[in-house]
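S.K.: Here is my input; please provide its structure:
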Amino acid sequence: MTARDPLQQKIAILYQALEPPVIDGARKEAKPGGYSDSGADIGAALVSAGCTVVTPVAEPDPVRVFDWVWPDTPEGIADALAAGATLLWANTVVFAGHPLQDASRCAWILGPDPQAMQAIDDKLETNARLRDAGLPVARSWLIDGDADDLAALLTPFADSLPLVVKPLRGRGSQGVSVARDVDQLSLQVAALAASRRFGAAIMLEQFLPGEEITITVLPAAARAGETAPFALSPIRRFDQVADVAPYNGDVPVSRNSAALTSEECAHPAIVAVTAACEKAAALLEIRATMRIDCRADADGRFLLFDVNAKPNLTGAGRPGREDEDSLSTLAAAAAGWRYSDFLLAAARAAWTNKEDPE
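M.R.: As a prediction, the model looks like this:
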């Protein structure tokens, strides 16, 4: 069941204080600050839209991010609920066993289901699931970066080069590189595993040489009249470094990304990949905003290559944040939504496991 009106809720925004667990040798590195920056952006924008935001301090300062957010620990969630929160905005990475699961029995939740997000974060399995459903997805393989016979393990991939080397459970473009020969492949896989930032589970992925876009998809509940997940305008990524989009913490996405024009959105290849992203979101039964990265192959056909169940949702508004729009915020702007409009739409998809949701 989804919430009716975020303006009638008392919203508490959670940030990442819990370290994600190591799962089958793969680790999703925690973000410095735990998404507290975007949490403060969200909180300030919701207040400007007339929402009631429950904060740890009585009068949050727009420049002090931790004035706006609660830790996603059992204690932090309990404190937010005790302060009157009726809706918990999970601006954090959740996983099976996350305390948000228990909280969903007594509050509304905005964010992915913890069990579902853990499954989606396994990039190899998610891509395989989408490919098995007939969707256009880049090919990928799993490698144990700690294998004693790593060189022999990688030799069969010589004919598939270039290949993308990435963590199985990564965050953004961190740890991602492109290997163009066997020596590069061995060095990049070994170095990524040895860093221990993401564990030893390494994913090799088909390299796609064409244009890169990213598509934000929202649950049907986010907009009146929708019966299935719907996509916003695709965003073009440009100025890649060594064929990899820079991490948004290093280069703001507003400097290397832009919405496609209406004419570009009508191109058959874009129409097809947009529909594929909507189908992927429906298959994954999304409960919150999702973003899917796509890239064109040598023939101009776009393939899905990365599903992000917890996209960055920073937005301009607070002092000093003029250049901090996220990819999803840019897509919302192309649809005619202000940052606050987008957040209110996203909040309408909140869900609960309460026995009596009234």
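
S.K.: Mind jotting down where the helices sit in this structure?
M.R.: For the chain, helices defined by DSSP state H occupy the ranges 36-48, 74-82, 100-103, 114-120, 123-132, 150-154, 182-195, 262-265, 268-283, 327-334, 339-347.

S.K.: Redo these as JSON lines? Include mean neighbour count.
M.R.: From N, CA and C alone the C-beta is placed, and that goes for glycine too. Shown next, in JSON lines, are these (neighbours: other CB atoms under 10 Å):
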{"stretch": "helix 36-48", "mean neighbour count": "24"}
{"stretch": "helix 74-82", "mean neighbour count": "17"}
{"stretch": "helix 100-103", "mean neighbour count": "19"}
{"stretch": "helix 114-120", "mean neighbour count": "19"}
{"stretch": "helix 123-132", "mean neighbour count": "18"}
{"stretch": "helix 150-154", "mean neighbour count": "15"}
{"stretch": "helix 182-195", "mean neighbour count": "18"}
{"stretch": "helix 262-265", "mean neighbour count": "12"}
{"stretch": "helix 268-283", "mean neighbour count": "19"}
{"stretch": "helix 327-334", "mean neighbour count": "25"}
{"stretch": "helix 339-347", "mean neighbour count": "22"}
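
S.K.: With residue 60 as the reference, name the closest of these.
M.R.: helix 36-48 (6.9 Å; CB to CB).

S.K.: Turn the helices of the chain into JSON lines, columns for mean pLDDT and distance to residue 321.
M.R.: Output for the helices of the chain, formatted as JSON lines (pLDDT from 0 to 100; distance: least, CB to CB, whole Å):
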{"stretch": "helix 36-48", "mean pLDDT": "97", "distance to residue 321": "6"}
{"stretch": "helix 74-82", "mean pLDDT": "98", "distance to residue 321": "23"}
{"stretch": "helix 100-103", "mean pLDDT": "96", "distance to residue 321": "26"}
{"stretch": "helix 114-120", "mean pLDDT": "94", "distance to residue 321": "26"}
{"stretch": "helix 123-132", "mean pLDDT": "96", "distance to residue 321": "30"}
{"stretch": "helix 150-154", "mean pLDDT": "93", "distance to residue 321": "43"}
{"stretch": "helix 182-195", "mean pLDDT": "94", "distance to residue 321": "31"}
{"stretch": "helix 262-265", "mean pLDDT": "96", "distance to residue 321": "28"}
{"stretch": "helix 268-283", "mean pLDDT": "98", "distance to residue 321": "28"}
{"stretch": "helix 327-334", "mean pLDDT": "97", "distance to residue 321": "11"}
{"stretch": "helix 339-347", "mean pLDDT": "97", "distance to residue 321": "10"}
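
S.K.: Need those helices in TSV (columns: distance to residue 310).
M.R.: Converted to TSV, the helices of the chain look like this (distance: least, CB to CB, whole Å):
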stretch	distance to residue 310
helix 36-48	10
helix 74-82	17
helix 100-103	12
helix 114-120	7
helix 123-132	13
helix 150-154	31
helix 182-195	22
helix 262-265	25
helix 268-283	14
helix 327-334	11
helix 339-347	12
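
S.K.: Report the central residue of the protein.
M.R.: When CA atoms, centre = their mean is applied to the chain, the residue found nearest the centroid is residue 311 (2.6 Å).

S.K.: quick one, what contacts it?
M.R.: For residue 311, the contacting residues are 216, 289, 290, 291, 326, 327, 328, taking CB atoms under 8 Å, 6 or more residues apart in numbering as the criterion.

S.K.: quick one: which two of these are the most distant?
M.R.: For these, the farthest-apart pair by CB to CB is 290 and 326; their separation is 13.2 Å.

S.K.: which residues of the stretch 101-250 of the chain fall in strands?
M.R.: If DSSP state E, counting those that start in this stretch is used as the criterion, the strands of the stretch 101-250 of the chain fall at 108-110, 140-144, 163-167, 177-179, 201-206, 212-218, 230-231, 235-237.
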